[in-house]
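show me the folded form of this:
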Amino acid sequence: MGGNSRSPVIGLTDHRVLGLHFGGRYGFGNYAVPRWQLVDDPLPARAGGNFVFV
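Reported below is the predicted structural model:
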């Protein structure tokens, strides 16, 4: 579905955030960045953002 970029990917068993959706193709597949990679990415820090995962 269009417009889902930046949506959290939620685990069905424990309801934790597993990653961040960034793209996909209808009827083919979707792509996400794993949570552990987001924490180490310098881009959000340079933009003044902060990831907090509990």
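
so how far is stretch 35-45 from its chain's centroid?
Relative to the centre of its chain, stretch 35-45 is centred 10 Å away, using CA atoms, centre = their mean, to the nearest Å.

can you show me the helices along the protein?
Applying DSSP state H to the chain gives helices spanning 35-40, 42-46.

need the least confident one among those helices, by mean pLDDT.
With a mean of 74, helix 42-46 has the lowest mean pLDDT of the helices of the chain.

re the thing from before, and the helices of the chain, which is most packed in?
Among those, ranked by average contacts under mean count of other CB atoms under 10 Å, first place goes to helix 35-40 (a mean of 12). C-beta: built from backbone N, CA, C; applies to glycine.

and it, C-alpha only, in CSV?
C-alpha atoms of helix 35-40 as CSV (Å, rounded to 0.1, in the frame of the first residue of the first chain):
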residue,chain,number,x,y,z
ARG,A,35,15.9,-1.5,14.3
TRP,A,36,19.5,-2.3,15.2
GLN,A,37,20.7,-0.4,12.1
LEU,A,38,18.7,2.7,12.8
VAL,A,39,20.4,3.2,16.2
ASP,A,40,23.8,3.3,14.5
